[in-house]
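Q: Here is my input; please provide its structure:
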Amino acid sequence: MTVLEVLQSTTAYFKKRAIESPRLNAEHLVAHSLGKKRIELYLDFERALAEPELVPLRELVRRRGQGEPLQHLLGTVEFASHVFVSDKRALVPRPGTEQLVEYIADLPLPQSARILDVGTGSGVIILSLAARFPEADLHAADISEEALALARENAERFGIPDRIHFSQNYLLEGIEGAFDLIVANLPYVAATEAAELAPEVQHDPAIALFGGPTGDELIRELIAAAPPHLTGGGTLALELGHDQVEGLSAFLAAQNYHDIISKKDYAGSARFLFAQHG
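A: As a prediction, this is how the structure comes out:
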């Protein structure tokens, strides 16, 4: 089979398996399997593939067809114009979180701001902010030792392993000092919704997905605990589930936060909250 024929047959298979963006998935997997850039496939459509080249590709296609995330198969994910290592140790970063980074980049933070990323996962938020705020004092915490190991690998990949202070913590327990920004993309899925998740999402660690019976318990706990860790004028920035903004806005107000602002993701859904305390 030629490269083009493999792409066409793989795309057709992914369509039958209801894989989103089937042609794009096919191109990524073929390019990865052949050790090429995706754009290079277009210059190589007529090349015939030998059986030793097809065997590993078939395995990747089978796993993708069964719902394994593309990012896990490739071993990387593109986020905020950077490439990060991605695997089963942490949540696969979603495009919506890139929007959160963009909103934060527009905040009037001091050049030497202290920034804390709670529930850092693979570290994509704090590392993206490292590029936006080159003089900031950066901290990242997660309860998962495996996720922190992945985040440190990504910091090594960025060439800044010593610039970020990583620590294993439950939310803010053991965190010292006050921060100009606390950002968090915590688990916000209700435990009762597990069966409704897409197959790709079900490959993410449960500890990174489920926030409790209603989904927002961990976020509420962070909101209540954050005030002593915010500087005067410091900001709490949160990514939420699509139906949680209204309830958590009211909870922020009840906890004496002010300047509470909701913002939308790329799809137009209110998914982010920004608030100050004190």
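Q: Let me see the domain layout of this structure.
A: When the chain is parsed with automatic domain parsing, its domains come out as 3-66, 88-277.
Q: Save those as JSON lines, and put in distance to residue 82, mean neighbour count and mean pLDDT too.
A: All C-beta spots, glycine's among them, are computed from the backbone N, C-alpha and C. Shown next, in JSON lines, are these (distance: least, C-beta to C-beta, whole Å; neighbours: other C-beta atoms under 10 Å; pLDDT from 0 to 100):
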{"stretch": "domain 3-66", "distance to residue 82": "17", "mean neighbour count": "15", "mean pLDDT": "96"}
{"stretch": "domain 88-277", "distance to residue 82": "7", "mean neighbour count": "18", "mean pLDDT": "96"}
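Q: wait, which of those domains is closest to residue 81?
A: Set against residue 81 and scored by C-beta to C-beta, these come closest in domain 88-277, at 8.5 Å.
Q: Quote the end-to-end distance of stretch 112-121.
A: 24 Å (C-alpha to C-alpha, to the nearest Å).
Q: err, stretch 167-182, not the other one
A: In stretch 167-182, first residue to last residue: 15 Å (C-alpha to C-alpha).
Q: ditto for stretch 100-114
A: 18 Å.
Q: Any chance you could list what contacts it?
A: Contact with stretch 100-114 is made by 80, 115, 125, 128-129, 132-133, 135-137, 139, 177-181, 183, 185, 231, 235, 237, 239, 263, 272, 274, as judged by C-beta atoms under 8 Å, 6 or more residues apart in numbering.
Q: make it 6 Å
A: For stretch 100-114, the external contacting residues (C-beta atoms under 6 Å, 6 or more residues apart in numbering) are 80, 128, 132, 135, 136, 137, 179, 180, 237, 239, 263, 272.
Q: Of those residues, which belong to strands?
A: Of the contacts of stretch 100-114, the ones assigned to strands by DSSP state E are 137, 179, 180, 237, 239, 263, 272.
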